[in-house]
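kindly generate the corresponding structure for this input.
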Amino acid sequence: MHNHVLSGLDDGAKSEVESIQLINELVNLGFKRIVATPHTMSMLYPNTDITIETAFKQLKNTITGTEIDRSLTGYASEYFIDDNFSNLRAQKKLIPFFKNYVLFEMSYLSMSPNLEQEIFEMQMSGYQPVLAHPERYLYLSNQISYLEKLVDNGCQLQLNLLSLTNHYGKSITKTAKKLMKLGLYDWAATDVHHSRHILLLKELSMSDNIKELAAYPNFRNRAAI
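Got it, this is the predicted structure:
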């Protein structure tokens, strides 16, 4: 429910060939359902429901009848909180990855000043907000109580599996484990962009951290299959 396997839309797959390679690798790792979520970010990746749907249908046509066809089951987006996001939310044009669940992110440099208001407005518009990779926002690493507040207010959190590989740095791995220990995550995802991420996921599958993931009781992914 968080990956960048659709080609030509963002900083993920660059071609259909790469898209197919990534999906094959994810299936080989055991993923049974893949919902593609390219970025929507007005200043950098100005995707729309039409551009995403078009890319999805094109890829589905290419893989129809192959072993991976049944694995690519849907599309949504990873939305960046900006003015465009607010407009899409107000027009109820956000694309959920499951039922009414919408994946969103914010800047790695500073917290969105209207974060809590947007979470509230999403709920009032009938969406379930899911904040992508909270462990990666360094300015929140010492504000776990704030993340607990967001969860208490109805925002769900999504773990990047790559955060458990030290790919983003040891401090982020530490924060991810802390959030897992507190039971604050509801979703886990790869956030895979390219083949290097696949290699890291393979390393994770053979590491001690995989045991912590297997024992974590709160992930909703399986219920969404």
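
list the buried ones in the helix ranked longest in the chain?
Looking across the chain with DSSP state H, the single longest helix is helix 49-63. Under the neighbour-count criterion of 16 or more other CB atoms under 10 Å, helix 49-63 has 51-52, 55-56, 59, 63 buried. C-beta here means a position set from N, CA and C on the backbone, and glycine is covered the same way.

which elements pack onto that helix?
helix 16-28, strand 34-36, strand 72-75 (3 or more CB pairs under 8 Å, 6 or more residues apart in numbering; DSSP states H and E).

again, only this time at 6 Å
Contact partners of helix 49-63 among helices and strands, from 3 or more CB pairs under 6 Å, 6 or more residues apart in numbering; DSSP states H and E: none.

which residues are in contact with it?
6, 9, 16, 19, 38, 69, 75, 95 (CB atoms under 6 Å, 6 or more residues apart in numbering).

could you check the angle helix 16-28 makes with it?
80 degrees (axes from the mean of the first three to the mean of the last three CA atoms, to 10 degrees).

for helix 49-63, the distance to its chain's centre please.
Chain-centre distance of helix 49-63: 19 Å, with CA atoms, centre = their mean, to the nearest Å.

likewise for stretch 25-43?
With CA atoms, centre = their mean, you get 8 Å for stretch 25-43.

what does stretch 146-154 give?
Computed by CA atoms, centre = their mean, the chain-centroid distance of stretch 146-154 equals 19 Å.

show me what counts as buried in that stretch.
For stretch 146-154, by 16+ other CB under 10 Å, it's 147, 150-151.

also stretch 37-51?
Buried, per 16+ other CB under 10 Å, within stretch 37-51: 37-41, 45, 47, 51.

average model confidence for the helix or strand hosting Glu116?
Using DSSP states H and E, Glu116 sits in helix 115-124. When pLDDT is averaged along helix 115-124, the result is 97.

contacting residues around it?
81, 89, 129, 154-155.
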